[in-house]
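Student: Mind looking at a prediction? Sequence and model below.
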Amino acid sequence: MSDEKGSVETGNPTAPAAAPQVNTWYAAEGLDEGTASQLGELVKAKGWKGPSDALLSYQNLEKVFGADKAGRTILAPKSEDDADGWSAVYDRLGRPESADKYDLPVPEGDDGSFAQAVAPVLHELGLTNKQAKGLAEWWNGMSSQRIEQEREAFINKSEQDFAELRREWGAAADQNTDLAKRALVRFGQDAGIDADGLERLEQAIGTGPMMKLFHAIGASFAEGTFVASDLQDSGAMTPQQAKNKINALFWDEEFKARHLNPDARVRAGAIEEMERLHRMANPHLMDE
């Protein structure tokens with residue numbers, strides 16, 4: 001009986017078995033080999049057995065993200081150091097194309113240099129124009145408030161210092177103040193220092209020291225031509241000057257002679273001079 005299937009012994013080898021069929025339901029006709037391979041890896045990884053599995057997976061994805069969110073998703077950066085990833089996130093959230101595209105508000109009277117300097121920092125940090133504008137408005141408000149508070153504090157301190165200086169100068173307060181102001185105007189103009197510059201100087205060293213400085217300058221030139229003719233020497237002294245004068249009169253033979261003179265009018269003049277000096281030396285007693 002002949003062997004229909006054949007055998008090696010009879011020289012009639014068995015025909016090769018047909019190759020197993022590969023499930024390529026995902027590979028559409030005309031799809032290139034590379035793409036088909038990628039889809040195959042995805043199908044294998046997901047464990048999809050057929051089109052229904054893939055459709056169910058897509059349906060679940062839409063439930064999570066929603067069809068209305070298509071094209072509006074953001075890919076999270078790989079790490080904190082993923083500069084490109086973070087840059088893409090910032091751009092996706094609405095960061096301007098470049099730092100000069102920010103619309104930053106500038107306070108009145110400001111030259112805008114600070115806004116120009118901070119814009120690149122805001123851009124690097126990934127702020128949107130709305131965020132940057134809001135931050136700038138907050139900063140401007142805080143700065144204005146701080147400047148106003150500092151200005152108010154300076155005025156209060158200046159008034160306190162000036163009041164203390166007048167107490168220190170005593171009876172010579174008006175005379176010394178007038179001399180200091182005249183020197184300030186004259187020499188300030190000669191130095192090219194305007195009102196703003198003088199105010200900055202006052203803020204830097206204080207009202208009291210500034211007035212003393214210009215009083216000393218004016219006093220050193222008191223006999224020069226810069227002092228206006230209407231500045232009268234009232235003979236007023238500071239408390240310390242008056243005390244020094246009183247001490248000097250105790251050793252002044254001429255004053256002693258007047259103070260002990262039998263003529264009541266001469267003696268009264270010496271007594272009045274000493275009383276005037278005591279009033280200038282002790283201005284606080286006059287306030288009581």
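Tutor: That came through fine.

Student: can you give me the mean pLDDT across stretch 156-164?
Tutor: Across stretch 156-164, pLDDT averages out at 93.

Student: Can you name the element that comes right after the helix or strand hosting Arg92?
Tutor: Using DSSP states H and E, Arg92 falls within helix 83-93. Sequence order places helix 113-124 as the next helix or strand after helix 83-93, per DSSP H and E.

Student: Okay, helices next: where are they in the stretch 1-150 of the chain?
Tutor: 33-46, 51-65, 83-93, 113-124, 129-169 (DSSP state H, counting those that start in this stretch).

Student: how does the chain divide up, domain by domain?
Tutor: 33-69, 101-140, 152-220, 239-287 (automatic domain parsing).

Student: where among the ones you listed is the average confidence lowest?
Tutor: Among those, domain 239-287 scores lowest, with a mean of 77.

Student: quick revisit: would you turn the helices of the stretch 1-150 of the chain into a markdown table with mean neighbour count?
Tutor: All C-beta atoms are positioned from the backbone trio N, CA, C, and that covers glycine. Output for the helices of the stretch 1-150 of the chain, formatted as a markdown table (neighbours: other CB atoms under 10 Å):
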| stretch | mean neighbour count |
| --- | --- |
| helix 33-46 | 12 |
| helix 51-65 | 11 |
| helix 83-93 | 14 |
| helix 113-124 | 15 |
| helix 129-169 | 14 |
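
Student: got CSV for the ones you listed, with distance to Gln203 too?
Tutor: Shown next, in CSV, are the helices of the stretch 1-150 of the chain (distance: least, CB to CB, whole Å):
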stretch, distance to Gln203
helix 33-46, 72
helix 51-65, 60
helix 83-93, 42
helix 113-124, 21
helix 129-169, 6
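
Student: Nearest to Thr177 among those would be which one?
Tutor: Between Thr177 and the helices of the stretch 1-150 of the chain, the shortest separation by CB to CB is 7.3 Å, and it involves helix 129-169.

Student: Just checking the distance from that closest one to the centre of its chain.
Tutor: Centroid displacement of helix 129-169 relative to its chain, using CA atoms, centre = their mean, to the nearest Å, is 13 Å.

Student: cool, stretch 152-171 as well?
Tutor: That offset, for stretch 152-171, works out to 30 Å (CA atoms, centre = their mean).

Student: Residues touching that stretch, excluding its own?
Tutor: 173, 176-177, 202-203, 206-208, 211-212, 236-239, 242, 279-281, 283-284 (CB atoms under 8 Å, 6 or more residues apart in numbering).

Student: ChimeraX command to pick out the buried ones of those residues?
Tutor: Restricted to buried positions by 16 or more other CB atoms under 10 Å, the ChimeraX selection for those reads:
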select :173,176,177,202,206,207,208,211,212,236,237,238,239,242,280,281,283
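
Student: Distance of the spatially most central residue of the chain relative to Ser79?
Tutor: Geometric centre of the chain, nearest residue: Ser143, 6.6 Å, by CA atoms, centre = their mean. Using CB to CB, to the nearest Å, Ser143 is found at 36 Å from Ser79.

Student: repeat for Trp48
Tutor: For Trp48 relative to Ser79 (CB to CB), the value is 31 Å.

Student: Spell out which helix or strand contains Glu254, please.
Tutor: helix 253-259.
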